[in-house]
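Asks: give me a 3D structure for the following:
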Amino acid sequence: MSWQLFLSAVALMLIFEGLGPALFPKQWRAYLLQIVQTDERTLKMVGIILMLIGAVLFHFVQPG
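Replies: Below is the predicted model of the structure:
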């Protein structure tokens, strides 16, 4: 994997991460407050599930 591809992926992630607060700041704040009140086990499971989905998606979009 080239550095260009890696940095492109990071840039795209930052763009998507910035959409929520830029377009819907009030809802984004409420969402963050809800996350703060969520127990650690639930947050950990959500993180693991998101990583697995990302890994599977990454696997299928790789050329060759």
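
Asks: tell me which residues in stretch 49-56 are buried?
Replies: When neighbours are counted by 16 or more other CB atoms under 10 Å, no buried residue of stretch 49-56 is found. (Each C-beta comes from the backbone N, C-alpha and C, glycine too.)

Asks: let the chain start at 663 from now.
Replies: Sure, I'll start counting at 663 from here, so that last one is stretch 711-718.

Asks: per-residue confidence averaged over that stretch?
Replies: For stretch 711-718, mean pLDDT is 94.

Asks: just the residues contacting it, thanks.
Replies: Contacts to stretch 711-718, defined as CB atoms under 8 Å, 6 or more residues apart in numbering, come from no residue at all.

Asks: give me the helices and strands touching the helix or strand where Glu679 lies, please.
Replies: Element membership for Glu679, per DSSP states H and E: helix 665-685. Counting by 3 or more CB pairs under 8 Å, 6 or more residues apart in numbering; DSSP states H and E, the packing neighbours recorded for helix 665-685 are helix 687-698.

Asks: what angle do whichever helix or strand comes after the helix it packs on and helix 687-698 make?
Replies: Under the assignment DSSP H and E, the closest C-terminal helix or strand after helix 687-698 is helix 702-723. Angular relation of helix 702-723 and helix 687-698 on a 0 to 180 degree scale: 110 degrees, by axes from the mean of the first three to the mean of the last three CA atoms, to 10 degrees.
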